[in-house]
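this is a predicted model, with the sequence first.
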Amino acid sequence: MRIGIDVGGTNTDAALLGDDDRVLAAAKSPTTADITSGVIAAVRALDAPVESVTAVMIGTTHFLNALIEGCLLYT
């Protein structure tokens, strides 16, 4: 099983995918200021069997917006 997470400006969405790519569960949680709390809430709501999860993928609208708007700082 795999977990996919998308952190958006308003909501954090999570989906649990089976080995055959079927969506087994989906959850939505408000995006929090610290980001992590919203991610944890969405993942916990999936109620996934931890021992069966082989990958976690995360995408963030925050990152994409910063990239598009040229707000990323390079050092």
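Yes, it's here.

chain neighbours aside, what residue packs nearest to residue 14?
Setting aside the residues directly before and after it, residue 14 is nearest to residue 42 in space (CB to CB, 6 or more residues apart in numbering), at 3.8 Å. From N, CA and C alone the C-beta is placed, and that goes for glycine too.

an error on my part: the question was meant for residue 3.
Skipping the residues right next to it in sequence, residue 3 comes nearest to residue 56 by CB to CB, 6+ apart, at 4.7 Å.

next, count neighbours for the nearest residue to residue 61 once chain neighbours are set aside.
With sequence-adjacent residues excluded and distances taken as CB to CB, 6+ apart, residue 61 is closest to residue 8, at 4.4 Å. Neighbour count of residue 8, defined by other CB atoms under 10 Å: 16.

helix or strand right after the helix ranked longest in the chain?
For the chain, the helix that runs over the most residues, judged by DSSP state H, is helix 36-46. Moving toward the C-terminus from helix 36-46, the first helix or strand encountered (DSSP states H and E) is strand 55-60.

now that next one, how far from the chain's geometric center?
5 Å (CA atoms, centre = their mean, to the nearest Å).

neighbours of residue 20, how many?
One way to gauge burial is a neighbour count; for residue 20, by other CB under 10 Å, it gives 6.

likewise for residue 59?
13.

next one: the residue nearest to residue 3 from residue 9, what distance?
Counting by CB to CB, to the nearest Å, the gap from residue 56 to residue 9 is 21 Å.

gap between the two ends of stretch 5-25?
Criterion CA to CA, to the nearest Å; first-to-last residue distance in stretch 5-25 is 12 Å.

off-centre distance for it?
Averaged over its C-alpha atoms, stretch 5-25 has a centre that lies 7 Å from its chain's centre (CA atoms, centre = their mean).

so where's the chain shaky on pLDDT?
Counting by pLDDT under 70, the low-confidence segments of the chain come to 62-63, 66-67, 70-75.

wait, the residue nearest to residue 3 touches residue 5, no?
Yes. With the criterion set as CB atoms under 8 Å, residue 56 and residue 5 qualify as a contacting pair; they are 7.0 Å apart.
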